[in-house]
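**Q** Quick one, fold the following:
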Amino acid sequence: MTTTTKTTKGKASAPASKTARKTARAASKPSDAIKLLKDDHKEVKDFFKKYETLEDDAEKQALADKICLALIVHAQIEEEIYYPATREAIDDDDLLDEAEVEHASAKQLIAEIQAMKAGDRLFDAKVTVLGEYINHHVEEEEGEMFPESKDSDLDLQKLGEQLAARKAELMAQASK
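**A** Residues are numbered from 1 along each chain as shown. The predicted structure is shown next:
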């Protein structure tokens, strides 16, 4: 069901996008950094699972676009906020260096996907490989980096608020 927002004159305006509503809710109820990042991981994992079931090129294109946007924003908030704070708080530069390299590989693949159209040769393969990269990356973050962050003196609540605010800002920019 699509919701509409009322203008000051009582007329309905254009429906708010589901992503915009979800982002606004997330920003209004900031969670700790780990929960926010894990929620992003789950959302993208679900996108990849759904992609595997699609046959229509238009649906594949729309979902691939969503996947790419979600990953671009997620990587940016991690690189700008979470990784620098974590690098200071934990003693595991190798883990953070690997995460940055994994982001670079994912960004390259995202750029290739964005330069293509669903139905193009290798489009599905690139989306599939991106999903595999992301699964590996998520396993390392959730299995190693997040536990180390929890055991550190990081203020995960404050960090979560910063991540949520930046994510909302980036999503708003993307929807313009």
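
**Q** Flag the shaky bits of this structure, pLDDT-wise.
**A** 1-30 (pLDDT under 70).

**Q** Could you rerun that using 90?
**A** 1-31, 175-176 (pLDDT under 90).

**Q** just the CA coordinates of the helix or strand where His41 lies, formatted as PDB?
**A** Using DSSP states H and E, His41 falls within helix 33-53. The C-alpha atoms that make up helix 33-53 are tabulated as PDB, following Å, rounded to 0.1, in the frame of the first residue of the first chain:
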ATOM      1  CA  ALA A  33      26.700   1.100  15.000                       C
ATOM      2  CA  ILE A  34      26.900  -2.600  14.900                       C
ATOM      3  CA  LYS A  35      23.100  -3.000  14.700                       C
ATOM      4  CA  LEU A  36      22.800  -0.400  11.900                       C
ATOM      5  CA  LEU A  37      25.600  -2.100   9.900                       C
ATOM      6  CA  LYS A  38      24.200  -5.600  10.400                       C
ATOM      7  CA  ASP A  39      20.800  -4.300   9.300                       C
ATOM      8  CA  ASP A  40      22.300  -3.000   6.100                       C
ATOM      9  CA  HIS A  41      24.100  -6.400   5.600                       C
ATOM     10  CA  LYS A  42      20.800  -8.200   6.000                       C
ATOM     11  CA  GLU A  43      19.000  -5.900   3.600                       C
ATOM     12  CA  VAL A  44      21.600  -6.300   0.900                       C
ATOM     13  CA  LYS A  45      21.800 -10.100   1.400                       C
ATOM     14  CA  ASP A  46      18.000 -10.200   0.900                       C
ATOM     15  CA  PHE A  47      18.300  -8.200  -2.200                       C
ATOM     16  CA  PHE A  48      20.800 -10.600  -3.700                       C
ATOM     17  CA  LYS A  49      18.600 -13.600  -2.800                       C
ATOM     18  CA  LYS A  50      15.700 -11.900  -4.500                       C
ATOM     19  CA  TYR A  51      17.800 -11.100  -7.600                       C
ATOM     20  CA  GLU A  52      18.500 -14.900  -8.000                       C
ATOM     21  CA  THR A  53      14.800 -15.500  -8.500                       C
END
